[in-house]
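[1] What follows is a predicted structure for the sequence shown.
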Amino acid sequence: MGGYPLQNGFRVIGAFDGLNDVDNIAGSLSRAKQRGAYTFGSLSFCESPLHTDEHYVKTTEDLIKRADVDAIMIKDAGGLLTVDRIRTLVPKLKKAMGNRLLELHSHCLTGLAPLVYLEGAKAGCDQLHLSIAPLANGAAQPANQTVIRNLRGMGFKVGTDDDAIDSISKHFAHIADVEGKPVGMPVEFDAFHYEHQIPGGMLSNFREQLATTGLSHKFGELLEECARVRRELAWPIMITPFAQFVGTQAVLNVIHGERYRHVPNEVKKYVLGYYGKLLGPVDPDVFDRIVENGSKDIPLKPSIPDPLVRKMRNRYPTVDDEELLLRMMFAGGQVDQMLKDKGQANPSIVNASVIDLIRTLAKAEKPGRIAISRSEFSLAMSKK
């Protein structure tokens, strides 16, 4: 660790950029390193003609050269890695990294992640990001229990506390049973996912948006449009915020029936380079339509933004660092509302006995639910 004290328990700090533009994250990673943190730089993964193994090797080399990160993480938010791709990618990254650790983070959206993790370990990945069943699988990471069992069967030594994992798993399985929550389940392979690459949460939002406008029958067309928009916008990686940019533009194109007639401000800023360097050119015709139909208030050439900390300190000169951090993360009047609501929790409810909680539920005008679990005792009540 460096010569600066780390406060509030943080010891590991990482950063990722949706464009893999190292300019966007090198400064924060270098600063964290100077403060004594263990740092990792992320490689945002996707499949496209631009996101080659060579691209990820170059990004890795830049992260090491410019930020001296302690580790590299493959961040596969879309669950797009395949067994064949992990076999070529990992050895090349390890060669560029020297003795630094390589982490693998993927999701089970295509059903391939459990196999990809095993091949990643064989190829040289040092750490695997897993989840605990019943929270694993589905849109989440592969399950601890299954992957660990398979790794051991392959001859790997895995130093995990199996009893603790089983205990945590039983705890969440019980919560799911008592509260009627869904559990993570393996998903079927869907080759079309590699075309649109839309995250799972956005897919459900799309269904709701189309249903609201009476266009549920256009769901398949919308996914096709997402794939087309993504190609035209130089293959952005479908993670925040670029997944939202592509998805919103596709929705507007489908609902209004004329492509790029309505252009969100963020899409125009993206193609103009406000969010960083694009890996390839935007389709020329689409670029012209976006510039023409987007807001005229957005300058064609991005300017360098003012340093945020200085700007916020000037705007809120009397607040402490805790409040300042909140105001950096939450826009509008959200922080004012948080401060207004602070301390308004009713102590008589928070510290009430079981009997008092039941009486409170019985008196409630709106439907409610109480679930209590203690060792061998559990109680669940709801008011219809």
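    Cool, got the structure.

[2] so where's the stretch 201-350 of the chain uncertain?
    The model of the stretch 201-350 of the chain has pLDDT under 70 over residues 343-350.

[3] now the helices for it?
    For the stretch 201-350 of the chain, the helices defined by DSSP state H, counting those that start in this stretch cover 219-232, 242-256, 265-272, 284-293, 308-315, 321-329, 334-341, 347-350.

[4] Tyr274 touches Ile304, doesn't it?
    No. Using CB atoms under 8 Å, Tyr274 is not in contact with Ile304; the gap is 10.8 Å. Every C-beta, even on glycine, is put in place using the N, C-alpha and C of the backbone.

[5] quick one, which of the two is more surrounded?
    Tyr274 (16 against 5; other CB atoms under 10 Å).

[6] so what's that one up against?
    If you count contacts by CB atoms under 8 Å, 6 or more residues apart in numbering, Tyr274 has them with Pro302.

[7] Distance-wise, check it relative to Asn8.
    Separation of Tyr274 from Asn8 (CB to CB, to the nearest Å): 32 Å.

[8] List the buried residues of stretch 66-79.
    66-67, 69-79 (16 or more other CB atoms under 10 Å).

[9] Can you name every helix or strand that the lengthiest helix in the chain contacts?
    The helix spanning the most residues in the chain, taking DSSP state H as the definition, is helix 162-179. On a contact count with 3 or more CB pairs under 8 Å, 6 or more residues apart in numbering; DSSP states H and E, helix 162-179 meets helix 144-153, strand 368-374, strand 377-383.

[10] Pull the contacting residues for Arg61.
    Check again: residue 61 is Glu, not Arg. Glu61 makes contacts with Ala96, as judged by CB under 8 Å, 6+ apart.

[11] can we see that at 10 Å?
    By CB atoms under 10 Å, 6 or more residues apart in numbering, the residues touching Glu61 are Val22, Leu93, Ala96, Met97.

[12] Now tabulate the helices of the stretch 201-350 of the chain in a markdown table and tack on distance to Ser204 and mean neighbour count.
    Below are the helices of the stretch 201-350 of the chain laid out as a markdown table (distance: least, CB to CB, whole Å; neighbours: other CB atoms under 10 Å):
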| stretch | distance to Ser204 | mean neighbour count |
| --- | --- | --- |
| helix 219-232 | 11 | 19 |
| helix 242-256 | 12 | 21 |
| helix 265-272 | 21 | 20 |
| helix 284-293 | 27 | 15 |
| helix 308-315 | 33 | 11 |
| helix 321-329 | 25 | 13 |
| helix 334-341 | 24 | 12 |
| helix 347-350 | 33 | 8 |
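
[13] Out of those, flag the one nearest His174.
    Closest approach to His174 among the helices of the stretch 201-350 of the chain (CB to CB): helix 347-350, 22.9 Å.

[14] Domain parsing of this structure, as residue ranges.
    As given by automatic domain parsing, the domain ranges for the chain are 12-179, 193-293, 308-341, 347-383.

[15] can you list the ones you listed in CSV and add distance to Leu300?
    Shown next, in CSV, are these (distance: least, CB to CB, whole Å):
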stretch, distance to Leu300
domain 12-179, 19
domain 193-293, 6
domain 308-341, 24
domain 347-383, 52
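
[16] Would you tell me which of those gets closest to Val187?
    With CB to CB as the criterion, Val187 lies closest to domain 12-179 of the domains of the chain, at 4.9 Å.

[17] low-scoring stretches of the stretch 51-200 of the chain, by residue?
    The stretch 51-200 of the chain contains residues with pLDDT under 70 at 200.

[18] mind running it again at 80?
    The model of the stretch 51-200 of the chain has pLDDT under 80 over residues 199-200.
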